[in-house]
Every structure is written in C-alpha cells, then in structure tokens.
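**Q** This is a predicted model, with the sequence first.
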Amino acid sequence: MSSPTLIFKKRPIVLLQGEPLLLWNWQQQPQTLLQVLEAKKVRIFSECRSGYCGCCRTKIRSGSVRYLIEPLAELAPDECLPCCCVPNDDLDLELSCNGAEMPLLREKQHA
Ligand code: FES
C-alpha cells in the first residue's frame, strides 16, 4: 500500500518589469489580478472590468494566468486581461513600477 502523495503548489510571485511586487495569496486574495494591482497602487487603465472591452490588456513578460471568467476581448498569446484573471505561476508583467507600493524596490532605493 502506498502512502498518499501531497502536492504543494508554490504561491506565485507577481513582478513588474522584473521587480517583485507581491506573493500571491489564494486565501487572502480571492480577487482578480486587477484588484490586487490597484491595491498596490499600480497604474492600470480599466473600464468594463469583466473581460469585454480589452482596456486593461497587459503584456506578459513571463509566466501565465488563468481566467475566472472567459474573456471576450481578443488577446495575443503574450497578453492578459487582469480584470478577470489570476496568476497561474510566477508572473512578470510589462507594467510600470512608478508609484506602485513595491517593498523590495523601496528597500533598494534607501540602501
Ligand atoms: S477592463 Fe475591460 S477587459 Fe479588462
């Protein structure tokens, strides 16, 4: 008889242009990627917030997302709609760090 196998999935890291922004927490962050980015003061334009208009279209530098609702806006393979997705694994986005609450970046600037 074999013992049960436990599978642990690492919590995804969300990065902006290679700078770590946060460690995704499934329990504390049942929101969309857009809601979490906005809470961290990341500037990102949005309108419908439901995957319809495509306004929040964001380039993915590396990583992948999964959609909470199926988006209607057309996307290139390296784009995502933060208003209706969550990170699937470590996710580096082509978004500016300017004005964002990035604890690791702040520590670097004061060092
Ligand atoms: S805000 Fe409309 S698709 Fe994201």
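**A** Received, thanks. Numbers count the residues shown, from 1 in each chain.
**Q** quick one: contacts for the residue most central in space within the chain?
**A** With distances taken as CA atoms, centre = their mean, the residue of the chain nearest its centroid is Leu33 (4.6 Å). For Leu33, the contacting residues are 14, 65, 80, 82-83, 85-87, 91, taking CB atoms under 8 Å, 6 or more residues apart in numbering as the criterion. Where you see a C-beta, it was placed from the backbone N, CA and C, and this is true even at glycine.
**Q** now do 7 Å
**A** For Leu33, the contacting residues are 65, 82, 85-87, by CB atoms under 7 Å, 6 or more residues apart in numbering.
**Q** do you know how far Phe45 is from the ligand?
**A** To the ligand, Phe45 is 8 Å away according to CB to the nearest ligand atom, to the nearest Å.
**Q** okay but Asn88 is in contact with Ile60, surely?
**A** No - applying CB atoms under 7 Å, one finds Asn88 not in contact with Ile60, separated by 10.5 Å.
**Q** Of the two, give the one with the bigger neighbour count.
**A** Between Asn88 and Ile60, Ile60 has the larger neighbour count (other CB atoms under 10 Å), namely 18 against 15.
**Q** Would you agree Val36 falls within a strand?
**A** No - per DSSP: H, G, I helix; E, B strand; the rest coil, Val36 lies outside any strand segment and is helix.
**Q** Write out the residues of the protein neighbouring the ligand.
**A** Residues of the chain found near the ligand, taking CB under 6 Å from any ligand atom as the criterion, are 46-49, 51-56, 73, 81, 83.
**Q** Buried subset of those as a PyMOL selection?
**A** The following PyMOL command selects only the buried members of the residues of the chain next to the ligand, with burial defined by 16 or more other CB atoms under 10 Å:
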select buried, resi 46+49+51+54+56+73+81+83
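**Q** from the residues of the chain next to the ligand, which is closest to Ser96?
**A** Cys56 (14.2 Å; CB to CB).
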